[in-house]
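Visitor: Sequence plus predicted model, see below.
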Amino acid sequence: MNRYLIALTLAIWVPAAMAAPRAIPGINAKDAYPAACVDCHVKDMHLSTKLARWNGTVDAKSLAAIQAFAPKGLTLKGKHPPVTGKDIPASCLKCHAAMAKAAPPLAPLLHGIHLASGDQSDFVKQFQGECTYCHKLNKTTGTWSIPSGAEK
């Protein structure tokens, strides 16, 4: 390998290798939202408040977006039953379990709502789509979880 190629390789590789790692909340940076959903969805952003607006009907644009995450063959009716904000997101799993047939499963629904619109997503704009704002790593066991609790 000639000296020019070695110098070029080092000029490209060394600065990238020496760059500081990106800040990942809860991993190598402070996590401002340790309780995930309930730390982020506060005041007029409470999930119970948002869903209460849908007790009557869901607007057509939102309904179409959510329909994309519904189980095959299920047509959503555009109405969400009343909920409390006592145990979010665990209480959501009663209807939105992974194998749910009467409602969209929670994981694809939330990933779709928060990430599918890319740069148009408020979650991507504000939080750069960082997974660890929702998914929490137990550094001792290496396991991931999503905290659940009462709205604040």
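Guide: Noted; the coordinates are in hand.
Visitor: can we go C-alpha only for contacts and neighbour counts from here?
Guide: Fine.
Visitor: ranges for the helices of this protein?
Guide: 3-18, 37-40, 47-52, 60-67, 106-115, 122-127 (DSSP state H).
Visitor: Residues contacting the second one, please?
Guide: The reference is to helix 37-40. With C-alpha atoms under 8 Å, 6 or more residues apart in numbering as the test, helix 37-40 has contacts from Tyr33, His46, Ile88, Pro89, Cys134, Pro147, Ser148, Gly149, Ala150, Glu151, Lys152.
Visitor: Could you list which residues are in contact with the fifth one?
Guide: Cys134 makes contact with Ala35, Ala36, Cys37, Ile146, Pro147 under the criterion C-alpha under 8 Å, 6+ apart.
Visitor: okay, now the closest residue to the first one other than its chain neighbours: neighbour count?
Guide: With C-alpha to C-alpha, 6 or more residues apart in numbering as the criterion, Ala35 has its nearest non-adjacent residue at 5.5 Å, and that residue is Pro147. The local packing of Pro147 (other C-alpha atoms under 10 Å) involves 17 other residues.
Visitor: Next: His80.
Guide: If we define neighbours as other C-alpha under 10 Å, then His80 has 16 of them.
Visitor: how near is it to Gly149?
Guide: Distance of His80 to Gly149, computed by C-alpha to C-alpha, to the nearest Å: 20 Å.
Visitor: ok, now Asp122?
Guide: 23 Å.
Visitor: cool, Lys79 as well?
Guide: Counting by C-alpha to C-alpha, the separation of Lys79 from Gly149 is 24 Å.
Visitor: ok, now Ala65?
Guide: 27 Å.
Visitor: what's the answer for Ala103, then?
Guide: Separation of Ala103 from Gly149 (C-alpha to C-alpha) stands at 22 Å.
Visitor: Look at the closest residue to Ala107 other than its chain neighbours and report its pLDDT.
Guide: Spatial nearest neighbour of Ala107, excluding adjacent residues (C-alpha to C-alpha, 6+ apart): Ala98 at 7.2 Å. Model confidence at Ala98, given as pLDDT, is 95.
Visitor: Equivalent analysis for Thr75, please.
Guide: 94.
Visitor: so it makes contact with Ile66?
Guide: No - the pair Thr75 / Ile66 is not scored as a contact, 10.3 Å apart, by C-alpha atoms under 8 Å.
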